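S.K.: Provided below for reference: sequence and predicted model.
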Amino acid sequence: MSKASEVLLAGARSAGLSSELVPFPHDGTLAERLSANPFLMAPMAGVSDAAYRLMARAGGAALAYSEMVSVAGIHYGGEKTWKLVEPGDPEPDIAVQLFGSKPEQFAEAVAAICARLGSRLVLIDVNMACPVPKVVRKGEGSALLDTPELAARIVRTCVTEATVPVTVKIRRGRTCEREVAPDFARAMEQAGASAVAVHGRFGAQLYRGEADWAAVRRVAKAVEVPVIGSGDVSGPEEAARMLGETGAAAVMVARGTYGDPWVFANARRVLAGQDVVRPTVAQRLAALELHVRLLDATGAHLARARSLAGWYLRGMPNAACWRNRAVGCGTLDEYLSVIDAVSAQAAQADVR
């Protein structure tokens, strides 16, 4: 048993999570497979590493995505890039999101990933949504919304090389003056995409303003393949509501997972007409400890736990003080010491 498996087995129950991670269904169409559990953990650059994906799966996510992976990075043989691609033990499977602008590099990357990951690879997603200027300037991410012919060629190339479904993630459009998502989604469907994920903002908005869920609905009406909604899904109620309001087949949860791996199981409860089960303070602290231990077990840089601490401690007494303490942590023991101190304070104050 790997160190990460041991950590998950030892800590999941006290955090109100599951140590038995459910693989994404193998049988049926992608729409049928998504219907079994329509709540997915979104790809997030600098966030969705192996430890984060494990927490999401333990919290009930049907599937978790890699961070955004550069096809150029794979082309030039960087092992750091491969660390973003490969699922950690005990992850049952993974969806890998790729970005770039050169079809030949996509072909090479998809073939290599399929060969290397085998049955643990669920799907390949092509990022056509990232609005970050350094990505867009290279003609990648949401810049592809302005070049549908190139985008379609990338999809066709990926489909030719892939042994799994190929999907795309898009935004409403590149600039706020023109929504292209429905027509663009149809072009990606015709190129062979098995699903389209839609973030309800324009690229120019970055992450400001509100996501327009009506844009997701317009894409869902425009294509026959499953549509995955994304944007402003801040909790389980919003996740379930997006399904009902947009006609999407599934929902990606991104920032709504910050400090809340329980969001996926709770979204399923809302969908089933059940009450949401909010974690206790003890469970939140146990989840933070589990997450930090998983970072350590998977070889991630523990500096990532500084952000995690802020998310899990949000709303607790003296949260700002404890966040400041966590920012100064550098080792596992230092983080555990902060968690123990918060736990003692909560017990003394009888905070539940």
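M.R.: Right, received. Where do you want to start?

S.K.: So which residues of the stretch 1-150 of the chain form strands?
M.R.: 39-41, 69-70, 94-99, 121-128 (DSSP state E, counting those that start in this stretch).

S.K.: How is the protein divided into domains?
M.R.: Taking automatic domain parsing as the reference, the chain has its domains at 19-271, 281-348.

S.K.: and residue 7, which of those is closest to it?
M.R.: Closest of those to residue 7 is domain 281-348, at 4.6 Å (criterion: Cβ to Cβ). Backbone N, C-alpha and C define where each C-beta goes, glycine included.

S.K.: Show the residue spans covered by the helices in the stretch 201-350 of the chain.
M.R.: 213-222, 236-246, 263-271, 281-297, 304-312, 319-327, 332-348 (DSSP state H, counting those that start in this stretch).

S.K.: thinking again about what came up before, comparing the domains of the chain, which comes out most buried?
M.R.: domain 19-271 (a mean of 20; mean count of other Cβ atoms under 10 Å).

S.K.: ok, back up a step: reformat the strands of the stretch 1-150 of the chain as CSV; add distance to residue 329.
M.R.: Conversion of the strands of the stretch 1-150 of the chain to CSV gives the following (distance: least, Cβ to Cβ, whole Å):
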stretch, distance to residue 329
strand 39-41, 25
strand 69-70, 29
strand 94-99, 29
strand 121-128, 32
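
S.K.: May I see the ones you listed organised as CSV, with distance to residue 31 and mean pLDDT added?
M.R.: Output for those, formatted as CSV (distance: least, Cβ to Cβ, whole Å; pLDDT from 0 to 100):
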stretch, distance to residue 31, mean pLDDT
strand 39-41, 14, 98
strand 69-70, 25, 97
strand 94-99, 16, 98
strand 121-128, 13, 98
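
S.K.: Between the ones you listed, which one is closest to residue 346.
M.R.: strand 39-41 (27.8 Å).

S.K.: what's in contact with that closest one?
M.R.: With contacts defined as Cβ atoms under 8 Å, 6 or more residues apart in numbering, strand 39-41 is touched by 48, 52-53, 56-57, 60-65, 95, 228, 239, 250-253, 257, 263-264, 267-268.

S.K.: for the residue nearest the centre of the chain, what are its contacts?
M.R.: Most central in the chain under Cα atoms, centre = their mean is residue 42, positioned 2.1 Å from the mean C-alpha point. Neighbouring residues of residue 42 by Cβ under 8 Å, 6+ apart: 48, 65, 230, 252-254, 257.

S.K.: Try it again at 7 Å.
M.R.: Each residue near residue 42 by Cβ atoms under 7 Å, 6 or more residues apart in numbering is listed here: 65, 230, 252-254.

S.K.: what's the distance between it and residue 79?
M.R.: Counting by Cβ to Cβ, to the nearest Å, the gap from residue 42 to residue 79 is 25 Å.

S.K.: try residue 206
M.R.: Counting by Cβ to Cβ - residue 206 and residue 79 are separated by 31 Å.

S.K.: How about residue 332?
M.R.: Distance from residue 332 to residue 79, by Cβ to Cβ: 24 Å.

S.K.: what about stretch 205-222, start to end distance?
M.R.: 23 Å (Cα to Cα, to the nearest Å).

S.K.: what's the answer for stretch 171-183, then?
M.R.: 12 Å.

S.K.: which residues sit against that stretch?
M.R.: 129, 142-143, 145-146, 170, 198-205, 212, 215, 218-219, 222.

S.K.: coming back round to it: and residue 297, which of the strands of the stretch 1-150 of the chain is closest to it?
M.R.: Among the strands of the stretch 1-150 of the chain, strand 94-99 sits nearest to residue 297 (Cβ to Cβ), with 17.2 Å.

S.K.: Centre of the chain to the closest one, how far?
M.R.: In terms of Cα atoms, centre = their mean, to the nearest Å, the centre of strand 94-99 is found 10 Å from the chain centre.

S.K.: That one - contacts with which helices or strands?
M.R.: The contact analysis (3 or more Cβ pairs under 7 Å, 6 or more residues apart in numbering; DSSP states H and E) places strand 94-99 against strand 69-70, helix 103-117, strand 121-128.
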